[in-house]
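# Any chance you can model this:
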Amino acid sequence: MIGGLFCYNHKGEVLISRVYRDDIGRNAVDAFRVNVIHARQQVRSPVTNIARTSFFHIKRSNLWLAAVTKQNVNAAMVFEFLLKFVEVMQNYFGKISEENVKNNFVLIYELLDEIVDFGYPQNTDTGVLKTFITQQGVKSASKEEQAAITSQVTGQIGWRREGIKYRRNEL
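Numbering: from 1, shown residues only. The predicted structure follows:
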């Protein structure tokens, strides 16, 4: 069904690329980037046809996830697969961002190998997938966690409480 699956950042760079059928070439990657991501007008439709190739795409937090096919496929099934794949990625490594995708690209390829077989979606249940793929995703630390880690490593002690302000610059 699905000829290929691509994940782009907001600049149009390919982060994840998996081609399942021979009818999808590397020029499909460039066609989507030029006609959808860098289009002068905002693309309103989640399905775009470019040169007899159909692109089913969703956008989540500055990432574009696109399923590509040259066949006549069930659009509802493709979008259900894309949304389930986003849900699986969120269950494995939390918030979907460019940094998390780059940190977990090996895990994403393993997930794609288990979820999709020759373009046909198989099993997208996270509970079942965690029995096959036991690797944990790398979660990026939030700003509060990074500040706590910095203070632990450097031994920084807050001598003065945060937010204290005086009317005059005197003690």
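# Now do stretch 109-124: distance to the chain's middle.
The gap between where stretch 109-124 is centred and where its chain is centred comes out at 16 Å by CA atoms, centre = their mean, to the nearest Å.
# Would you mind checking the average pLDDT for that stretch?
Confidence over stretch 109-124 (mean pLDDT, whole number) is 89.
# residue boundaries of the strands in the chain?
For the chain, the strands defined by DSSP state E cover 4-8, 14-19, 47-50, 53-60, 63-69, 116-117, 120-121.
# Who are the packing partners of the longest helix along the chain?
Among the segments of the chain that qualify as a helix by DSSP state H, the longest is helix 75-93. Other helices and strands packing on helix 75-93, by 3 or more CB pairs under 8 Å, 6 or more residues apart in numbering; DSSP states H and E, are strand 53-60, strand 63-69, helix 98-103, helix 105-115, strand 120-121, helix 126-132. C-beta here means a position set from N, CA and C on the backbone, and glycine is covered the same way.
# list the helices and strands the shortest one packs on?
Helices and strands in packing contact with strand 120-121 are listed as helix 75-93; criterion 3+ CB pairs under 8 Å, 6+ apart.
# got CSV for the helices and strands packed on helix 75-93, with mean neighbour count too?
Putting those into CSV (neighbours: other CB atoms under 10 Å) gives the following:
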stretch, mean neighbour count
strand 53-60, 19
strand 63-69, 23
helix 98-103, 16
helix 105-115, 16
strand 120-121, 14
helix 126-132, 12
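# Rebuild those as JSON lines, extending it with distance to Glu162.
As requested, those are exported to JSON lines (distance: least, CB to CB, whole Å):
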{"stretch": "strand 53-60", "distance to Glu162": "34"}
{"stretch": "strand 63-69", "distance to Glu162": "34"}
{"stretch": "helix 98-103", "distance to Glu162": "27"}
{"stretch": "helix 105-115", "distance to Glu162": "38"}
{"stretch": "strand 120-121", "distance to Glu162": "50"}
{"stretch": "helix 126-132", "distance to Glu162": "40"}
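# As TSV, the strands of the chain with distance to Leu129 would be great.
Output for those, formatted as TSV (distance: least, CB to CB, whole Å):
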stretch	distance to Leu129
strand 4-8	16
strand 14-19	16
strand 47-50	27
strand 53-60	19
strand 63-69	18
strand 116-117	12
strand 120-121	12
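# Tell me which of the ones you listed lies nearest to Gln136.
strand 14-19 (18.7 Å; CB to CB).
# Give me the angle between that closest one and strand 4-8.
Counting by axes from the mean of the first three to the mean of the last three CA atoms, to 10 degrees, strand 14-19 lies at 180 degrees to strand 4-8.
# isn't Glu87 right up against Thr126?
Yes. Between Glu87 and Thr126 there is a contact under CB atoms under 8 Å: 7.3 Å.
# That's all I had, so thanks and see you.
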